[in-house]
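In: the following comprises the amino acid sequence and a computationally predicted model.
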Amino acid sequence: MGGEAGLVLSGATLIDGTGADPVPSATVHTLGDRITSVDSPPSPGARVLDLSGCTLLPGLIDAHSHLGLIDLGERDPLSPARTAAEMFRNAELCLLAGHTTARDLGGADGALTEVIEAGLVPGPRLLPSGPMLAQSGGHGDHTPSFLDRHQHYAGLPGLSHATQTCDGPEEVRRAARHAFRRGATQLKVAASGGVLSRTAGIADTQFTVAELRAAVEEAASRGSYVTAHAHALQAIHNGLDAGVACFEHGSFLDEETAARMALHGAALVPTLSIMDVLGRPELADRIEQVRAATYNAVLVATEAGVLVGSGSDHLGPGQHRRGLEITVKAKVLGAMAAIVSATLTNARILRLDHEIGSVEVGKCADLVAVAGDPLAEPGLFADPDRVVLVVRGGRIVKDTRT
């Protein structure tokens with residue numbers, strides 16, 4: 001930690017997350033878990049880290065993660081011990097890749113947050129949603145067609161539960177309450193079909209406005225919000241009618257819908273890189289359709305003034321390429337905009353911009369140093385080995401500088 005005099009990160013080029021021009025040879029001083037000064041001389045006795053040749057950034061944020069979504073139904077069911085081990089490894093890989101905060105949108109139970117914060121497992125500041133709420137037969141309902149949903153056991157309580165099916169406003173309300181009881185910090189609902197849907201098309205609209213509103217009301221009663229998996233335009237419009245605050249994917253977004261999102265102050269978290277890592281040949285046509293549409297959706301949303309965040313949507317065990325999302329986003333919006341989307345913009349979407357997302361005095365000391373210049377070479381984010389220093393809450397959790 002550097003003792004009472006704190007920790008000083010010196011010599012790096014600073015990209016502070018706000019979109020401001022980089023600052024060469026910057027000096028950032030931390031004390032405890034806070035940033036105490038930027039570009040002031042080091043205090044006597046402080047621990048000084050020389051980051052010459054590196055770029056210093058705020059801790060990265062993944063606004064659409066699935067750290068606990070390990071078993072994708074492609075093999076025999078995993079044991080609870082294996083599931084836990086793979087989840088813990090995903091949490092560590094997330095942190096070591098420079099993502100000091102992650103919002104989990106289906107999979108991780110609130111207990112994963114507890115063990116991370118207790119220091120038992122290395123991982124990011126985690127905001128779990130618990131299971132994604134889905135209608136029967138909708139996206140995320142993987143119950144075999146010959147079984148009633150009430151006969152099919154899904155999830156491992158205290159570890160991971162991907163989806164909770166519910167039908168009608170009262171069932172949605174009950175499922176929402178159970179999610180919050182298990183540690184959810186926000187809710188996720190499936191408002192349309194998806195790439196991996198087994199019994200629904202991507203453009204299918206799911207949940208009624210009344211059902212969506214029940215989830216929104218339950219979240220609002222706890223000072224929280226709902227984000228919605230939504231590829232289809234009508235799904236977004238239904239969500240806006242219900243008060244949904246954020247939309248995931250938004251692949252087929254058009255100008256009219258984007259304008260309405262901006263009017264309502266609703267955010268978009270597109271997920272670009274998952275199409276590059278999904279590895280499902282049988283879904284190749286659907287993946288390519290969504291890929292091309294999502295690139296356009298990002299541009300449409302940005303032009304409309306929608307808050308556009310960053311999420312990886314990576315699934316399964318061994319999630320080691322999380323930063324690829326920023327690399328791909330840079331091809332669409334440019335490197336600086338991609339970095340801002342994964343830092344301050346994501347912090348705003350998570351309603352934590354008073355705490356994280358930028359290198360500013362008083363904010364949490366979540367800091368990342370990468371080897372090289374990410375504005376000239378945004379591809380470095382896809383390589384976790386290029387992330388040479390990670391500081392989470394003022395504590396050094398990774399330091400591989402030579």
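Out: Nice, thanks for sending it over.

In: so which helix or strand of the chain has the lowest pLDDT on average?
Out: Ranked by mean pLDDT, DSSP states H and E, the weakest helix or strand in the chain is helix 274-277, scoring a mean of 88.

In: kindly export the next helix or strand after that helix (C-alpha atoms) in CSV.
Out: Once the chain leaves helix 274-277, the next helix or strand it forms, by DSSP states H and E, is helix 284-304. C-alpha atoms of helix 284-304 as CSV (Å, rounded to 0.1, in the frame of the first residue of the first chain):
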residue,chain,number,x,y,z
ALA,A,284,-23.2,-18.5,-38.0
ASP,A,285,-26.0,-16.8,-40.1
ARG,A,286,-27.7,-15.4,-37.0
ILE,A,287,-24.4,-14.2,-35.6
GLU,A,288,-23.4,-12.3,-38.8
GLN,A,289,-26.9,-10.7,-39.0
VAL,A,290,-26.5,-9.4,-35.5
ARG,A,291,-22.9,-8.4,-35.9
ALA,A,292,-23.6,-6.0,-38.9
ALA,A,293,-26.7,-4.6,-37.3
THR,A,294,-25.1,-3.9,-33.9
TYR,A,295,-22.2,-1.9,-35.5
ASN,A,296,-24.8,0.3,-37.1
ALA,A,297,-26.8,0.5,-33.9
VAL,A,298,-23.8,1.9,-32.0
LEU,A,299,-23.5,4.7,-34.6
VAL,A,300,-27.3,5.4,-34.6
ALA,A,301,-27.4,5.6,-30.8
THR,A,302,-24.3,7.8,-30.5
GLU,A,303,-25.7,10.2,-33.1
ALA,A,304,-29.0,10.4,-31.2
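
In: and helix 284-304, how far out from the chain's middle?
Out: 18 Å (Cα atoms, centre = their mean, to the nearest Å).

In: isn't Pro131 right up against Leu156?
Out: No. Pro131 is beyond contact range of Leu156, at 11.2 Å (criterion: Cβ atoms under 8 Å). Glycine gets a C-beta too; all of them are placed from N, C-alpha and C.

In: buried residues, the helix or strand containing Phe88. List them.
Out: Phe88 belongs to helix 80-96 when assigned by DSSP H and E. Neighbour counts over helix 80-96 (16 or more other Cβ atoms under 10 Å) mark 83-84, 86-96 as buried.

In: and if you look at stretch 353-366?
Out: For stretch 353-366, by 16+ other Cβ under 10 Å, it's 353, 355-359, 363-366.

In: state the pair within these that is farthest apart.
Out: Asp353 and Ala365 (15.6 Å; Cβ to Cβ).

In: can you list the buried residues of stretch 353-366 in a markdown table and add distance to Ser310 and pLDDT?
Out: Listed next are the buried residues of stretch 353-366 as a markdown table, based on distance: Cβ to Cβ, whole Å; pLDDT from 0 to 100:
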| residue | distance to Ser310 | pLDDT |
| --- | --- | --- |
| Asp353 | 14 | 98 |
| Glu355 | 18 | 98 |
| Ile356 | 14 | 98 |
| Gly357 | 11 | 98 |
| Ser358 | 14 | 98 |
| Val359 | 17 | 98 |
| Lys363 | 19 | 98 |
| Cys364 | 19 | 98 |
| Ala365 | 21 | 98 |
| Asp366 | 15 | 98 |
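
In: want to try a markdown table for those residues, with distance to Val38 and secondary structure as columns?
Out: As requested, these are arranged in a markdown table below (distance: Cβ to Cβ, whole Å; DSSP: H, G, I helix; E, B strand; the rest coil):
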| residue | distance to Val38 | secondary structure |
| --- | --- | --- |
| Asp353 | 17 | coil |
| Glu355 | 16 | coil |
| Ile356 | 15 | coil |
| Gly357 | 15 | coil |
| Ser358 | 10 | coil |
| Val359 | 6 | coil |
| Lys363 | 10 | coil |
| Cys364 | 14 | strand |
| Ala365 | 12 | coil |
| Asp366 | 14 | coil |
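
In: of those, closest to His161?
Out: Scanning those for proximity to His161, where the rule is Cβ to Cβ, the winner is Ile356, at 26.7 Å.

In: thinking again about what came up before, relative to Asp62, which of the buried residues of helix 80-96 is nearest.
Out: Cys94 (6.8 Å).

In: and the spatially closest residue to Gln206 that is not a sequence neighbour, how many neighbours does it have?
Out: Excluding the flanking residues, the one nearest Gln206 by Cβ to Cβ, 6 or more residues apart in numbering is Gly138, at 4.2 Å. By other Cβ atoms under 10 Å, the residues close to Gly138 number 27.
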